[in-house]
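*Asks:* My questions concern the predicted model and sequence given below.
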Protein chains: 2
Amino acid sequence: MDTDIREILKRSQLSVTASREKILHLFLEEAGALAHGDIEKKAGEKFDRVTVYRTLQTFVEKGIIHTIPTVDNSIRYALCKDNCAEGHHHDHHIHFVCSNCKNTYCLDDIVTPDIKLPKGYSSSHIEVVVEGVCKSCS
Amino acid sequence: MDTDIREILKRSQLSVTASREKILHLFLEEAGALAHGDIEKKAGEKFDRVTVYRTLQTFVEKGIIHTIPTVDNSIRYALCKDNCAEGHHHDHHIHFVCSNCKNTYCLDDIVTPDIKLPKGYSSSHIEVVVEGVCKSCS
DNA sequence: TTAAAAAAGCAACATTGTTGCAAATCTATT
DNA sequence: AATAGATTTGCAACAATGTTGCTTTTTTAA
């Protein structure tokens, strides 16, 4: 696992540092998505808030994680499974928010549907967030 | 228009106050969605920040407006067109974010598609946000 | 018009996110 | 393995955003 983490970082041309290893580790062992706050809590008192912000930003830029839209005011992040290129996230899967356990999951096998837009509109990206009860809670 | 506004408020069992009239007016004359910040700016210096927060919260509870999921960290609100009951938003339309003008629109005529979920998952609500170029910008 | 209820405004605070800069760490090279 | 240069971290200070309790003002219903 530690080797994996270093591999991922190096592949993204990032230097291997304690905070990056720790945060990436959190994503790898976590099934669902993580918000900034979750990461601060799970990482303990080890890292500065600023470092967490900057690390997440870097990971998004490098295509290691992607953001998930939410209705509340919290950006959530999850691992990119299908090799997103630097700056070009092309995740076409949908996201699932469990109304019971409040976790957010990437349903990697479910592809976003095509949407017919009115005349004059063109689409470059589609986000689908489904709310309901997840596998573990049902 | 002013009569409309009072009507909407009364129908929702809300007392008619200056701030509620003003904020509702902003939504009625605005084609797209509004974030909290937009409302503060458009309302001028007239109202306290706290009043704006509380008014938006009340409007959501009463089904006058609904929230729109975003990838950045800003809750956006738009008018509910189809009579949402108190506490029960049943808007099934999709949302469109223009990558050029940055406006968010409700595409009221486009219904959210059905999504086939994996075994064990059940869905209660689906949110679709399409990013692209809007009518006015294309 | 007036009494009761509701909302607004104020102040103080909590949380979240940002920026500049010095100290520490990492990488590549010798 | 040691070192120089580049990168990252942590700190401090700040800015923006959101929340709560309480008093004053406004609204509603009688």
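*Replies:* That came through fine.

*Asks:* Give me the helices and strands touching the strand ranked longest in chain A, please.
*Replies:* If you go by DSSP state E, chain A has its longest strand at strand A:122-133. Contact partners of strand A:122-133 among helices and strands, from 3 or more CB pairs under 8 Å, 6 or more residues apart in numbering or on different chains; DSSP states H and E: strand A:93-98, strand B:122-133. Where you see a C-beta, it was placed from the backbone N, CA and C, and this is true even at glycine.

*Asks:* partners of that strand in the sheet?
*Replies:* strand A:93-98 (parallel), strand B:122-133 (antiparallel) (DSSP bridges).

*Asks:* Would you mind writing the CA trace of the first one as PDB?
*Replies:* Once non-C-alpha atoms are left out, strand A:93-98 reads as follows in PDB (Å, rounded to 0.1, in the frame of the first residue of the first chain):
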ATOM      1  CA  HIS A  93     -19.700   8.000 -13.300                       C
ATOM      2  CA  ILE A  94     -22.500   9.100 -11.000                       C
ATOM      3  CA  HIS A  95     -22.400   9.900  -7.300                       C
ATOM      4  CA  PHE A  96     -24.600   8.500  -4.600                       C
ATOM      5  CA  VAL A  97     -25.400  10.100  -1.200                       C
ATOM      6  CA  CYS A  98     -26.900   7.900   1.400                       C
END
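
*Asks:* Near chain B, which residues of chain A are found?
*Replies:* Within chain A, the positions near chain B by CB under 8 Å from any CB of the partner chain are A:67-75, A:94, A:96, A:99, A:107, A:109-110, A:113, A:115-135, A:138.

*Asks:* can you tell me which of the residues you listed are up against DNA strand D?
*Replies:* Within the set of the residues of chain A next to chain B, contact with DNA strand D (CB under 7 Å from any atom of the strand) is found for A:N73.

*Asks:* Pull out the buried members of the residues of chain A next to chain B.
*Replies:* A:67-71, A:75, A:94, A:96, A:107, A:110, A:115, A:117, A:121, A:125-134 (16 or more other CB atoms under 10 Å in any protein chain shown).

*Asks:* phi, psi of the residue nearest to A:N100 when sequence neighbours are not counted?
*Replies:* When the adjacent residues along the chain are set aside, A:N100 lies closest to A:C137, with 4.1 Å between them (CB to CB, 6 or more residues apart in numbering or on different chains). Per-residue torsions, A:C137: phi -90, psi -10 (degrees, to the nearest 10).

*Asks:* Is A:C106 bridged to anything, and to what?
*Replies:* Beta-bridge partners of A:C106, counted by DSSP bridges, are A:H95.

*Asks:* And the helices and strands packed on strand A:122-133: which comes nearest DNA strand C?
*Replies:* DNA strand C lies closest, by CB to the nearest atom of the strand, to one member of the helices and strands packed on strand A:122-133: strand A:93-98, at 17.4 Å.

*Asks:* Make a markdown table out of the strands paired with strand A:122-133 and add mean pLDDT and distance to DNA strand C.
*Replies:* Output for these, formatted as a markdown table (pLDDT from 0 to 100; distance: least, CB to the nearest atom of the strand, whole Å):
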| stretch | mean pLDDT | distance to DNA strand C |
| --- | --- | --- |
| strand A:93-98 | 94 | 17 |
| strand B:122-133 | 95 | 19 |
